[in-house]
Each structure stands twice: as C-alpha cells, then as structure tokens.
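Visitor: quick one, structure for this:
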Amino acid sequence: MIEQRLSEQRGVGDHGWLNSHHTFSFASYWDPKQTGFSDLLVINDDRVAPGRGFGAHPHNNMEIISYVLEGALEHKDSMGTGSVIVPGDVQLMSAGSGVTHSEFNHSKTDNVHFLQIWIVPGERNSPPGYQQISVAERDKRGQLRLIISPAGDNGSLSVRQDIRVYAGLFDGVEQQTFALDADRYAYIHVARGSIEVNGVKFKEGDGARVRNESALQFANGDDAEVLVFDLRPLEVNHPQR
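Guide: Model prediction:
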C-alpha cells in the first residue's frame, strides 16, 4: 500500500529568512497523525536566505542528515568540524550524548535549499560523530544509490539505526525497480521534479508511506530527485519536536 502525502499537506513555517515545509510534526506545526514513520522522525524542506541560518544550538540522541539541493550550506560544531556542503554531498551528524552545531547559508547572494532529516537512533548517549560523503551525479543517474546504512556499506555513511537511505535521479526513459523485503516499510520523498512510483504520480515535495509492497517501480521522471528510506516495520507515535 502506498499512502501518499502531498506537498501542500505539509506544515509550513515562514520566518522571512527561512521558509520550511515539514513532512512530519515539528516546532509549532503539530499533527498527531504525522509524528514520523518508523524511525524516520523529521523531513524538513528548508530554504534559507543569503548569509542567514541557524545559530549554535544543542542536540542529543539523534541522527541528523543534511542533503543539499541548491546552494551551499556551512556547518560548524562543538566537535571541531567545519565544512561547506553543496549538491551531491551528504552529511550525517550523530548527536549522541550531546553536540552543539550551527548551519548557515554560505553564500551572501544566493539562497540555499536543503533537506534536514532526523532519524531516531538505536542506541543512546553514544559519543557524538560526524561523517560526510560526496556522491557523483552519474552514480545516482537512473538508479537508487545507497547513501546511508547501518554498516556503511558500499561507501555509504554509517547510521546508528536499522535504516537504509537511497538517492536517485530520474528523467525521461530512466527507470528502476526497487525490491522491498516483505517485513520492511519504506518512505518515499520527492525532493524535486516529478516521477511515477507504481503508476502513482508524485511531484516536488510529495511523499508516501509504503507498507506491504514487494517492489517500487520508478519511471517517467521529469528532472526528478528522489530519496527512499528502507525502514523497520514499526508504528510509533513519537513525541512532539
């Protein structure tokens, strides 16, 4: 079953310098029916004005993924990490026992557009950590490429949870069938463009919970960038964030 959630059904936070769309309940947006899915807690679709951003703030016991779609995102944290990530880069910060970080638009002239994704970890109060990879467009073109996994398989980032995240680019005749184990859930998020999944049309910002499906067929993409989360089969009501 594919339970679609349309872009316009998401929560919205417009703060002038920040325009954010919340797939799941976050900050002042609260919907008791949208408190995450399995271990996937947050997908925030953020656009940040030039030179603006999130000042130093703390996190703990959360796996935090940043995935840039346009522009450049500058990161600094209390572990001494400093980086600027751009499209193609994937960043994973394991907050563990506690970390402070900041995120700013690196550009003084252009917006930055990125996804911030939170995963509930399978362990608590572990030492914090930081990882980053760059994935070439050719490795995502017409296919779903593993970018995050528990064991860091195939050059992916290692996450502290039984979850696998894939990213793909699809346009025109490019297509792929993605097999799902019978005892797993999945979540689809279309980051940009449009695509069909098992014949269901998705546009930018649309997502879907997936249960009891053996395969997902991605086809008829129009400049589509897609993330797929392979998840444990849990029905969890997470507390408000």
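Visitor: drop to CA atoms for contacts and neighbour counts, all remaining ones
Guide: Will do.
Visitor: low-confidence ranges, this structure, go.
Guide: For the chain, the stretches with pLDDT under 70 are 239-241.
Visitor: residue 192 touches residue 221, doesn't it?
Guide: No - the pair residue 192 / residue 221 is not scored as a contact, 10.2 Å apart, by CA atoms under 8 Å.
Visitor: settle it for me: which of the two has more neighbours?
Guide: Shown here are residue 192 and residue 221; by other CA atoms under 10 Å, residue 221 has more neighbours (24 against 18).
Visitor: which residues does that one contact?
Guide: Counting by CA atoms under 8 Å, 6 or more residues apart in numbering, residue 221 touches 170, 171, 172, 173, 174, 175, 193, 194, 195, 196.
Visitor: one more pass at 6 Å, please.
Guide: Residues near residue 221 by CA atoms under 6 Å, 6 or more residues apart in numbering: 170, 171, 172, 194, 195.
Visitor: mind exporting the one helix or strand the second one maps to as CSV, just the C-alpha atoms?
Guide: In this assignment (DSSP states H and E), residue 171 forms part of strand 164-172. The C-alpha trace of strand 164-172 is given here as CSV (Å, rounded to 0.1, in the frame of the first residue of the first chain):
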residue,chain,number,x,y,z
ARG,A,164,19.0,2.5,4.7
VAL,A,165,18.6,5.6,2.6
TYR,A,166,18.9,5.8,-1.1
ALA,A,167,19.1,8.7,-3.5
GLY,A,168,18.3,8.7,-7.2
LEU,A,169,17.9,10.9,-10.3
PHE,A,170,15.4,10.1,-13.0
ASP,A,171,14.5,11.8,-16.2
GLY,A,172,12.7,10.6,-19.4
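Visitor: buried residues, that strand. List them.
Guide: Within strand 164-172, the residues that count as buried by 16 or more other CA atoms under 10 Å are 164, 165, 166, 167, 168, 169, 170, 171.
Visitor: do stretch 39-55 as well
Guide: Buried residues in stretch 39-55, defined by neighbour count with 16+ other CA under 10 Å: 39-53.
Visitor: hang on, the earlier thing: of the contacts of residue 221, which pair is most distant in space?
Guide: 172 and 194 (10.6 Å; CA to CA).
Visitor: report the longest strand in this structure, please.
Guide: As assigned by DSSP state E, the longest strand anywhere in the chain is strand 215-231.
Visitor: I figured residue 108 hits residue 48, correct?
Guide: No - assessed by CA atoms under 6 Å, residue 108 is found out of contact with residue 48, at 11.0 Å.
Visitor: what do these two both touch?
Guide: Listed contacts common to residue 108 and residue 48 are nil; contacts here mean CA under 6 Å, 6+ apart.
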